[in-house]
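Participant: structure of the sequence below:
(one chain, ligands or ions: 1)
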Amino acid sequence: MAQKPNKSAPKAAPADTLDVDLLWQMQRVGAANLSPDGAQAVCSVSTPSMADNKSRSALWLLSTLGGEPRQLTRCGDKDSQPQFSPRGDLVAFLAKREDGGVKDETTQLYLIAPDGGEARRAGVVATGVEAFKWFPDGRRVALLSWVWPHLKGTEAQAKAHTEHKARKETGVATSEANYRYWDHFMPVGRVVHLHVLDVHTGELTNLFEGSPLQLSRTEPDNTCFDISPDGKRIAFSHDVNPDQPIDGRNRISVIDVKTRRTSLLAKADDWHLTAPVWRGDGKRLAWLAAEVGRKHTLPNHLAVGDATGSTWSVVSSEWDHEVQAPLQWEEDGEAVLFAAEQQGRRHLWRFDLPDLRAEVVVEGGWLHAFHKVAGTLVTLADSASHPPQLRAHEPDGTAARIEHFNEELLARLNLGDTEEVWFTGALGDEVQMWLHYPPGFDRSRKYPVLHTIHGGPHTAPGDVWHWRWNNKVFAAQGYVVASVNYHGSSSFGHAFLDSITHRWGELELEDVEAATDWLLKKRWVDKRRIFATGGSYGGYMVAWMNGHVPAGRYAAYICHAGCYDWQAMFADDAWSWHAKELGAWYWEDPARIAAQSPHTYAGNFNTPTLVIHGALDYRVPDAQGLAYYNTLKARGIDSRLLWFPDENHWVLKPRNSAQWYGEFFAWLRRHDVATSKGKAGK
Ligand SMILES: CSCC[C@H](NC=O)C(=O)N[C@@H](Cc1ccccc1)C(=O)O
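Facilitator: Down below sits the predicted model:
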């Protein structure tokens with residue numbers, strides 16, 4: 001049942017280790033959505049092309065019963081978010097393509113029959129479709145679209161959209177406090193409204209028209225709302241604050257689809273409530289609740305309440321994990337399914353409501369998505385040793401792949417081993433480190449070490465595959481790759497995550513240095529060849545190390561999109577988080593901010609550094625990397641800059657990724673005594 005390999009790429013040579021070209025030959029499987037009987041699953045699969053320097057995504061129909069996968073769509077190249085209709089007679093998806101001689105200017109909703117044929121546009125939403133869900137009647141979908149709130153009617157929106165597209169001026173004029181997000185400016189003068197689209201007539205109704213209601217401006221996705229089982233009401237998470245702060249306090253409300261009357265379901269001053277989902281009987285709902293008003297680092301917990309809005313409660317507060325969206329009720333209404341991280345992995349959990357107890361249903365690796373229908377469960381998960389894959393799980397726990405993308409390529413690769421180890425780090429705490437060994441690792445030899453320091457800081461990439469920071473690609477170059485889940489990482493409980501608050505850099509550095517000391521005791525480590533790299537907060541860490549670690553400890557650093565100067569970082573899109581994380585606004589306590597800022601220690605910089613940054617990065621503006629690079633140059637420290645005019649916080653284009661890995665390895669080789677001069681591992 002092997003999938004047809006990615007024909008647009010040259011046949012992989014009989015390679016046995018993973019390099020960037022083979023990495024980019026791999027197809028990227030997305031989350032699956034099950035048919036009502038659980039027998040079929042539809043997913044989007046992205047196929048990169050180094051030659052075209054882009055990726056194309058198409059829908060594939062898979063069987064959970066062992067049938068042969070089949071490509072469902074072929075005409076588009078951005079087909080995404082597929083969802084079976086409640087009767088299973090249609091698959092709806094988002095696309096931007098040409099249909100009926102009309103070329104989409106914005107993303108539209110399309111329909112296709114599961115047994116194939118041509119897709120058709122399900123009506124015109126001039127302002128575009130961000131996300132959608134089917135109504136139980138299978139005739140309508142609820143969808144999100146950015147609209148001009150003062151206008152009434154779809155024609156007025158379409159006219160405004162046309163005028164906006166035709167404008168000649170390019171200036172962005174706004175009075176919003178939050179106007180950018182990651183790599184784009186939010187649409188000025190527009191808000192996200194909830195609509196109903198009849199997929200047969202194309203009739204579009206804006207449920208929020210004329211109201212002050214709006215949904216998330218940062219991540220308008222289909223976890224923001226859920227349709228009641230009877231199709232009469234829609235629960236949604238929203239912030240009534242017109243400024244829509246990035247760290248706001250959402251409440252849960254319900255709107256009657258017919259009357260458009262809204263009612264409050266749940267709110268609490270210090271609590272941020274999100275991701276509502278209805279129980280199958282329509283009498284209760286579940287949602288996420290985080291008491292961020294008490295402390296900004298407090299996690300999302302599971303909350304449940306009745307549909308009348310009379311009572312609700314947080315049910316997982318004793319469970320020191322973060323519950324993550326989306327939530328899904330079990331059919332018996334006695335439990336809720338969700339993903340949550342634990343010690344550098346992400347599992348699928350079942351939270352039993354009567355017992356208030358969480359148990360692992362499917363172990364990660366890293367579980368990315370899941371869907372359960374009619375007793376069939378499908379998951380999308382990866383691990384350090386394989387990219388995201390789809391599996392169907394039987395009630396007895398057995399699981400079977402339902403696609404075989406990349407199988408032929410993976411079967412030929414020797415990826416090397418991955419090991420989870422623990423060492424004593426800062427505060428005397430046990431700290432986790434993942435070691436990715438080179439293929440053919442031989443403990444009697446000497447190896448270079450490459451620290452890959454994760455970003456966030458509140459993340460915990462452990463047993464994970466990563467397309468941009470692929471530890472197996474790094475290891476294949478001969479490095480033992482060390483990934484420390486330092487203090488401040490997620491998945492080790494709230495106290496560990498919160499331990500770095502107001503003192504960024506301190507405990508994390510202690511952990512990384514303790515890890516290096518642990519490694520240096522290993523006979524197979526060549527102490528002359530220790531390197532460190534990291535992106536974003538990981539880039540911050542290697543810049544921090546350059547100012548805090550004596551010369552010679554590390555042979556070289558690579559800093560990708562690193563936070564360098566916290567005062568200048570106020571130009572970022574996440575400025576409202578700064579005071580909470582650093583302990584003050586920069587104008588209130590400049591000394592405190594400077595003490596946590598790598599640029600303060602520029603006088604100590606001593607280690608050669610490759611600086612990488614994208615111009616479209618609004619989370620860590622590229623001025624951060626340029627300031628760091630210029631400082632290194634001013635101080636006569638060997639340094640190099642790789643700057644992308646067309647990349648954001650990440651490097652997403654195939655050719656740019658190849659250039660990124662190429663420059664990355666060339667920099668390491670240039671500062672490696674084994675390659676630049678002398679012999680490796682005497
Ligand atoms: C806690 S503030 C921002 C958190 C966010 N974490 C994960 O996505 C993030 O964007 N982290 C950046 C580093 C950063 C930290 C603070 C302000 C801007 C950027 C990252 O590591 O990706």
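Participant: going by C-alpha atoms from here, please, whenever you check contacts or count neighbours.
Facilitator: Noted.
Participant: ranges for the helices of the stretch 51-200 of the chain?
Facilitator: If you assign secondary structure with DSSP state H, counting those that start in this stretch, the helices in the stretch 51-200 of the chain sit at 154-166.
Participant: for the ligand, what's its nearest residue on it.
Facilitator: residue 182 (8.0 Å; C-alpha to the nearest ligand atom).
Participant: any idea how far that residue is from residue 127?
Facilitator: For residue 182, the distance to residue 127 equals 21 Å [C-alpha to C-alpha, to the nearest Å].
Participant: kindly list the longest helix within the protein.
Facilitator: If you go by DSSP state H, the chain has its longest helix at helix 654-670.
Participant: what comes up buried for it?
Facilitator: By neighbour count on 16 or more other C-alpha atoms under 10 Å, the buried set for helix 654-670 is 654, 655, 656, 657, 658, 660, 661, 663, 664, 667, 668, 669.
Participant: show me what contacts the second one?
Facilitator: Contact partners of residue 655, counting by C-alpha atoms under 8 Å, 6 or more residues apart in numbering, are 50, 53.
Participant: try it again with 10 Å
Facilitator: The contact partners of residue 655, by C-alpha atoms under 10 Å, 6 or more residues apart in numbering, come to 21, 24, 49, 50, 51, 52, 53, 54.
Participant: measure the nearest residue to the first one once chain neighbours are set aside to the ligand for me?
Facilitator: For residue 21, ignoring the flanking residues on the chain, the nearest one in space by C-alpha to C-alpha, 6 or more residues apart in numbering is residue 658 at 7.3 Å. In this structure, residue 658 and the ligand are 21 Å apart, going by C-alpha to the nearest ligand atom, to the nearest Å.
Participant: for residue 658, report the pLDDT, please.
Facilitator: On the pLDDT scale, residue 658 is placed at 97.
Participant: what about the helices in the stretch 501-650 of the chain?
Facilitator: Using DSSP H, counting those that start in this stretch, the helices of the stretch 501-650 of the chain run over residues 506-520, 537-548, 575-582, 590-595, 623-634.
Participant: so the longest one, near the ligand or not?
Facilitator: Okay, so that is helix 506-520. No. Helix 506-520 does not reach the ligand (C-alpha under 6 Å from any ligand atom); its nearest approach is 13.2 Å.
Participant: so that helix versus helix 537-548, what angle?
Facilitator: 80 degrees (axes from the mean of the first three to the mean of the last three C-alpha atoms, to 10 degrees).
Participant: related to what we said a few turns ago, distance from the chain centre to the longest helix of the chain, please.
Facilitator: 23 Å (C-alpha atoms, centre = their mean, to the nearest Å).
Participant: and the next helix or strand after that helix, what's its mean pLDDT?
Facilitator: Going down the chain from helix 654-670, the next helix or strand is helix 673-676, by DSSP states H and E. When pLDDT is averaged over helix 673-676, the result is 88.
Participant: buried ones in helix 673-676?
Facilitator: Result for helix 673-676 [16+ other C-alpha under 10 Å]: buried residues 673, 674.
Participant: centre of the chain versus the least confident helix or strand in the chain by mean pLDDT, how much separation?
Facilitator: Ranked by mean pLDDT, DSSP states H and E, the weakest helix or strand in the chain is strand 98-99, scoring a mean of 85. In this view, strand 98-99 has its centroid 30 Å away from the chain centroid, taken as C-alpha atoms, centre = their mean.
Participant: now swap in stretch 653-673 and tell me
Facilitator: Centroid separation between stretch 653-673 and its chain, computed with C-alpha atoms, centre = their mean, is 24 Å.
Participant: kindly report the same for stretch 141-149.
Facilitator: Relative to its parent chain, stretch 141-149 has a centroid offset of 23 Å by C-alpha atoms, centre = their mean.
Participant: and that stretch, C-alpha only, in PDB?
Facilitator: Provided in PDB are the C-alpha atoms of stretch 141-149 (Å, rounded to 0.1, in the frame of the first residue of the first chain):
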ATOM      1  CA  VAL A 141     -21.500  25.400   7.600                       C
ATOM      2  CA  ALA A 142     -20.500  28.000  10.200                       C
ATOM      3  CA  LEU A 143     -17.500  29.900   9.100                       C
ATOM      4  CA  LEU A 144     -15.200  32.700  10.100                       C
ATOM      5  CA  SER A 145     -14.300  35.700   7.900                       C
ATOM      6  CA  TRP A 146     -12.700  39.100   8.400                       C
ATOM      7  CA  VAL A 147     -15.300  41.800   7.700                       C
ATOM      8  CA  TRP A 148     -15.800  45.500   7.900                       C
ATOM      9  CA  PRO A 149     -18.000  45.800  11.100                       C
END
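Participant: okay, now the sheet partners of the least confident helix or strand of the chain, with direction.
Facilitator: strand 102-103 (antiparallel) (DSSP bridges).
Participant: pLDDT weak spots in the stretch 251-400 of the chain?
Facilitator: For the stretch 251-400 of the chain, applying pLDDT under 70 flags no range at all.
Participant: what about the strands in it?
Facilitator: Secondary structure of the stretch 251-400 of the chain by DSSP state E, counting those that start in this stretch: the strands cover 251-256, 262-266, 272-278, 284-290, 301-306, 312-314, 324-329, 335-342, 345-352, 357-362, 366-373, 376-383, 386-393, 399-401.
Participant: dump these to JSON lines, plus mean neighbour count and distance to residue 205.
Facilitator: Below are these laid out as JSON lines (neighbours: other C-alpha atoms under 10 Å; distance: least, C-alpha to C-alpha, whole Å):
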{"stretch": "strand 251-256", "mean neighbour count": "21", "distance to residue 205": "13"}
{"stretch": "strand 262-266", "mean neighbour count": "18", "distance to residue 205": "16"}
{"stretch": "strand 272-278", "mean neighbour count": "26", "distance to residue 205": "22"}
{"stretch": "strand 284-290", "mean neighbour count": "26", "distance to residue 205": "25"}
{"stretch": "strand 301-306", "mean neighbour count": "22", "distance to residue 205": "28"}
{"stretch": "strand 312-314", "mean neighbour count": "16", "distance to residue 205": "31"}
{"stretch": "strand 324-329", "mean neighbour count": "20", "distance to residue 205": "26"}
{"stretch": "strand 335-342", "mean neighbour count": "23", "distance to residue 205": "32"}
{"stretch": "strand 345-352", "mean neighbour count": "22", "distance to residue 205": "36"}
{"stretch": "strand 357-362", "mean neighbour count": "17", "distance to residue 205": "40"}
{"stretch": "strand 366-373", "mean neighbour count": "22", "distance to residue 205": "29"}
{"stretch": "strand 376-383", "mean neighbour count": "23", "distance to residue 205": "33"}
{"stretch": "strand 386-393", "mean neighbour count": "23", "distance to residue 205": "36"}
{"stretch": "strand 399-401", "mean neighbour count": "16", "distance to residue 205": "41"}
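Participant: any chance of these in JSON lines, plus distance to the ligand?
Facilitator: Formatted as JSON lines, the strands of the stretch 251-400 of the chain follow (distance: least, C-alpha to the nearest ligand atom, whole Å):
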{"stretch": "strand 251-256", "distance to the ligand": "22"}
{"stretch": "strand 262-266", "distance to the ligand": "26"}
{"stretch": "strand 272-278", "distance to the ligand": "16"}
{"stretch": "strand 284-290", "distance to the ligand": "15"}
{"stretch": "strand 301-306", "distance to the ligand": "18"}
{"stretch": "strand 312-314", "distance to the ligand": "24"}
{"stretch": "strand 324-329", "distance to the ligand": "14"}
{"stretch": "strand 335-342", "distance to the ligand": "14"}
{"stretch": "strand 345-352", "distance to the ligand": "16"}
{"stretch": "strand 357-362", "distance to the ligand": "25"}
{"stretch": "strand 366-373", "distance to the ligand": "16"}
{"stretch": "strand 376-383", "distance to the ligand": "19"}
{"stretch": "strand 386-393", "distance to the ligand": "20"}
{"stretch": "strand 399-401", "distance to the ligand": "30"}
